[in-house]
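Engineer: sequence first, predicted model second:
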Amino acid sequence: MGLRSHAAFRAHGVVEVVTTRSKHRSYLSFVLPAFIIYAGIMVIPLLFSLGLSFTSWKGYGVMSFAALGNYAKLFSDPVFLIGLRNNALIVLISVFGQIPLGLLLAYMLHRQMVKGANGFEMLIFLPITISTVIVAQLWNRVFSPVGILPTIVRQVSGNRDYVMTIFENKAFAFVPIMFVLLWQHTSLYMVIFLANLQRIPESVMEAARLEGAGETAIFLKIIAPMLAPVAFINSILAISGSFKSFDLIYSMTGGGPAHYTEVMAVYMYNTTFVFQNYGYGSAISIVIILFIVAAIAATKAITKRLNLG
Amino acid sequence: MGLRRAIIVVVLAAGLAWGPMILAAQTSQPSAPVTLSVYMQADMASPQYKYWPVTLDAFSKKYPNIKLDFEYVSDEAFHQKFQAMAASGDIPDLFTCYAGARSSYILDRGMVKDLRPYLTADVKKNYNQAIWQPQGPNGEIYIVSPNLAVCTVVYVNTKLQKQLGLSTPKTLDELIAQVPKIRAAGFDPLAFGNKDQWQAQSLCLSMLVDRMGGTSWFDKAMKGGAKFTDAPFVDAISTIKKMVDTKLFPAGVNQLEGPQAWGEFVQGKAVYLLDAGWRVSALKAAASPADYAGYAAVAFPAVTGEKIHGSSAATLGEALAMNSKLTGTKADAAWKFLSFIYGKEGSEILMQYGVVPTYKLDYSKFDIDSLNKQYINLINNQTMGYVIDAKMDGEGVNNILNPGLQAVMMGSKTPADLAAEYEAWVAANDSNRKSKK
Amino acid sequence: MDNSSRLRKAPLAWRACAYVIMAAFAILTVFPLVWLGYSSLKPNTEIVQRPLGLPLAPSFDNFVRAWSMGNLGTVLENSFVYTSVATVGTLFLALAAAFGLSKFNFKSAKFYTWAFTLGLMLTIHAGIIPLFLAESRAGLINTRAGVILPYIAFDLPISVLIALGYMKGIPDAIIESAEMDGAKYRQIFWPLIVPLSAPVAATMAILSFLQHWNEFFFVFIFTTKVSMKSLPVAITQFAGRQNTEYGLQYASLVIGILPMILFYVLFHSQLKKGFGEGSLKE
């Protein structure tokens, strides 16, 4: 402790003695502001949420203790279960749709398979920069009964009554939403893969070519495995985002009709802010986090198992 | 440096937070102009509120010393954010309030002033006496409702009707019989939009339940003497299913937003429109005068098995209410405002814009358009049933009944199942069943 | 140098597929936006009667009315304030924290770093209810601070971690020699570290800016007055509601999208780099 300041003193004569104490204070002054804001606004409310989830409360008046009652109710709540199913669908479309498609697109662009690759890249990347809620409004104008898609179909098919009945189908109502998610997010992964592709040395592909490997073989057997670690990291991002999904669904359908497109975050919002059931709503938000943590842990475990990172 | 910066940030944040509150406190001094904060559920972009700037203007001419500071939020967002204010214990001086379950989150907190001290016999006699029903557990009156919100009216495009050689049906079955002809000609029979889920329950089911069981049945169902699995409720739901199955509604009715539905009617694409009484002013503002002159308003046709005939469902229209903490000059100013906008002057303006006020006016003095005349006639001759979401707890209605109705309309749930689900929730949770009266 | 593998074209099957997929994406992206654009130039009656056609007499009337009715000038200003203040705030807080955690070698650094990493897994919704209650009680609803502070808080974990990864790459020698010259830490940070961090700062700032500008949930929950709303929230509420004027709705959506398109055109290469390299830092 005193050693360092001694050394400084001996080496430089009259010098500002930087004691470890004041160094520690400096250190804290750099780290603490960020940490306090973060902890105060993100972490502490989380702990309160946890507490609230064990109660039953209307936002005013009596707060009664409900132990695990809220959690038990959740897993027999049909609305919650539909939400869970839909969140799982989002995970699927992200991990098995957006990410592979993103990889494919990145590869195609990297290999300059189309003229004007830059232009295409810019165009595909555009949707992610638009606010999700505006994207939702845009696609509502396309899909709604008075929207552009049914209008086109009516004119073409002569069926005056055409509407997108898929929205009224309990099993498939979520499909248009998955489509919009794909539309918006694929480019995100495309860009990440592209950056990583550009780091792969030419020599690798050259060598494979010299050995007679075709394009498809190179893609499947060399490129894809090399980018698998990145894909796994992306999966973590994607899964985390899938469970939190709120903006798009809330703005497009609000979870309807008849809860067909419900997701956990929208249900949490309605439960808390519309039905005034603060305890139950908090339980839902805690469960969302638990799912994220579990999914990430599972992904990491699989990654280790397959020795990919 | 980092620590100092952090302190500055916190102080700034505190200042931003406390500043407005301090400023707000200062306005309650008893000096010349009084400023009132108003939190109102309204969408100024909607043709429905065309009259409002006129009313405000008239008020400021009469009381130049009273200044009003408005916040407008529309639809559900109004309720959701109002809870934020209620949670902080700091709500504006005046705010939109419903007499019934919809505003229970603010009424139950005791934050709304009982207006009875201001409501002398002299004041009350000028109004439709129906609005003086007790609004609170001890007979409190929280709002002076400016209009009865009649929830079921069938509007008729008589021009289109004539063109197709049809006449206004007296029974639902007759209306259904008109469907093939209307559709063959390329029109929608009954315009209706249920994307927001509440329309089917408020504008249709409530009336049907009244037809099938009446308020006497509903009163019993609220307390537990009858159940929602009883015939009146199930039959009402089944009737809606029948309306969907016979293609009375437009295709994709559960994807259509309300404005899109009455927009269709105004564009002449539908022969009839199922909507609320308060839609008249919007129709007036959106349709051409020639078209508007051809609109008629009738009661929903007779339904097989109905016990009550020709009724609609109505609830007191919402109005601005006073913060219970107001006193002195602020309270006086607030009452002046309320008694103006809901009194003679305000009601006259409402009348000019096509809204029938609860304040009794000499109708002969006004040039009432034909649709409004029919509407006034209609509501004066109808009995009114309850609107379900004004009587029953919000969670049951919003989480089970409304989406459930959509499910029934889309064929994924039977009316009996929905009735059972709703009854189960009500029996376990609804405050009406729990109160001992 | 043998460039043949670079120049050698991919097989026809691949290229054909590539064109099909790219074209599909391009059309799907462009068509809705283009349609929205030219539809907003039509008056409402024309939109209803000729939904697909090009405008007969294009005019900006819808835009003018949407702008004033929706108070979009105020709203745009709000978006700008929320976004820039939050972005700048996050940037400096993150750089400072990263500096502290990487160059000071205190044991507690491990804990703080771990705490920030945990933040990556937490969602907005985790604490939104208590946060909402706390802000209500503190009177922060409908204040700028009430939105900006959560923005910063939620952006900090990822920003700190990105900055940390970068800072670790700054040679310790630079700092030690400055210390030898008797500089206090704050004198090392501002004139030395911050400029050195410019590349990562630029990337972080752009990503932050985009995320905050498009953010919906916080503004939706923490503000009620139109005068406080940001662009996405105001447009959503304006475009969806009780007016039947499709023209106004479309115009407001276009107004909502344009700033982002502009931002995108100006900064797309940095955005690309940012997203791409953000993953490399993992």
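Structural biologist: Received, thanks. Bear in mind that the values here come from a model prediction, so they are computed numbers and not experimental data.

Engineer: how far away is the closest residue to chain C within the stretch 151-300 of chain A from residue A:87?
Structural biologist: Nearest to chain C in the stretch 151-300 of chain A, going by Cβ to the nearest Cβ, is residue A:195, at a distance of 2.6 Å. The C-beta positions use only the backbone N, C-alpha and C, and glycine is treated the same way. Remark: distance between residue A:195 and residue A:87 (Cβ to Cβ, to the nearest Å) = 29 Å.

Engineer: quick one: is stretch B:242-255 near chain C?
Structural biologist: No - Stretch B:242-255 stays clear of chain C (Cβ under 8 Å from any Cβ of the partner chain), getting no nearer than 13.6 Å.

Engineer: that stretch: which residues count as buried?
Structural biologist: B:242-244, B:246-255 (16 or more other Cβ atoms under 10 Å in any protein chain shown).

Engineer: ends of that stretch, what's the gap?
Structural biologist: 19 Å (Cα to Cα, to the nearest Å).

Engineer: thought residue A:110 was touching residue A:198?
Structural biologist: Yes - when contacts are counted by Cβ atoms under 8 Å, residue A:110 is listed as touching residue A:198 (7.0 Å).

Engineer: so those two - more neighbours on which side?
Structural biologist: residue A:110 (16 against 10; other Cβ atoms under 10 Å in any protein chain shown).

Engineer: and the closest residue to that one other than its chain neighbours, how far from residue A:227?
Structural biologist: Excluding the flanking residues, the one nearest residue A:110 by Cβ to Cβ, 6 or more residues apart in numbering or on different chains is residue A:197, at 4.5 Å. Residue A:197 sits 7 Å away from residue A:227 when distances are taken as Cβ to Cβ.

Engineer: tell me which residues of stretch B:368-376 come out buried.
Structural biologist: Per 16+ other Cβ under 10 Å, stretch B:368-376 contains these buried residues: B:368-369, B:371-372, B:374-375.

Engineer: and the residue nearest the centre of chain A?
Structural biologist: Taking Cα atoms, centre = their mean, the centroid of chain A lies closest to residue A:241, which sits 1.8 Å from it.

Engineer: closest one of the buried residues of stretch B:368-376 to residue C:38?
Structural biologist: residue B:371 (36.3 Å; Cβ to Cβ).

Engineer: picking up where we left off before, residue C:219 versus the residue nearest to the centre of chain A, what's the distance?
Structural biologist: Distance from residue A:241 to residue C:219, by Cβ to Cβ: 19 Å.

Engineer: flag the shaky bits of chain C, pLDDT-wise.
Structural biologist: Along chain C, segments meeting pLDDT under 70 span C:1-8, C:182, C:237, C:239-244, C:275-282.

Engineer: break it down into its domains, please.
Structural biologist: According to automatic domain parsing, chain C is divided into the following domains: C:12-59, C:71-231+C:258-280.

Engineer: I figured residue B:188 was touching residue B:182, is that so?
Structural biologist: Yes - with contacts counted by Cβ under 8 Å, residue B:188 reaches residue B:182, the gap being 7.4 Å.

Engineer: which one of the buried residues of stretch B:242-255 is nearest to chain C?
Structural biologist: residue B:255 (13.6 Å).

Engineer: picking that back up, check the residue nearest to residue A:110 and give its pLDDT.
Structural biologist: With respect to pLDDT, residue A:197 has a value of 84.

Engineer: which of the buried residues of stretch B:242-255 come close to chain A?
Structural biologist: B:250-252, B:254-255.

Engineer: from those residues, which single one is nearest residue A:188?
Structural biologist: Of these, the one sitting nearest to residue A:188 (Cβ to Cβ) turns out to be residue B:255, at 29.2 Å.

Engineer: against residue C:94, how distant is the closest one?
Structural biologist: Distance from residue B:255 to residue C:94, by Cβ to Cβ: 44 Å.

Engineer: before we move on, what about residue A:232?
Structural biologist: Taking Cβ to Cβ, one finds residue A:232 at 26 Å from residue C:94.

Engineer: and the two? which has more neighbours close in?
Structural biologist: The neighbour count for residue A:232 versus residue C:94, taken as other Cβ under 10 Å, is higher for residue C:94 (28 against 19).

Engineer: what about the nearest residue to that one once chain neighbours are set aside, which SS state?
Structural biologist: Excluding its sequence neighbours, the residue lying closest to residue C:94 (Cβ to Cβ, 6+ apart) is residue C:159, at 3.7 Å. Using DSSP: H, G, I helix; E, B strand; the rest coil, the structure places residue C:159 in helix.

Engineer: ok, residue C:159 touching residue C:205?
Structural biologist: No - between residue C:159 and residue C:205 there is no contact under Cβ under 8 Å: 9.5 Å.

Engineer: which residues of the stretch 1-150 of chain C fall in helices?
Structural biologist: Applying DSSP state H, counting those that start in this stretch to the stretch 1-150 of chain C gives helices spanning C:4-7, C:12-39, C:44-49, C:61-69, C:72-103, C:108-119, C:124-137, C:144-168.

Engineer: which stretch among those helices comes nearest residue A:266?
Structural biologist: Among these, helix C:124-137 sits nearest to residue A:266 (Cβ to Cβ), with 10.2 Å.

Engineer: and chain A, is stretch B:192-206 touching that?
Structural biologist: Yes - Stretch B:192-206 lies within reach of chain A by Cβ under 8 Å from any Cβ, at B:194-197.

Engineer: who's in contact with residue C:60?
Structural biologist: residue C:41 (Cβ atoms under 8 Å, 6 or more residues apart in numbering or on different chains).
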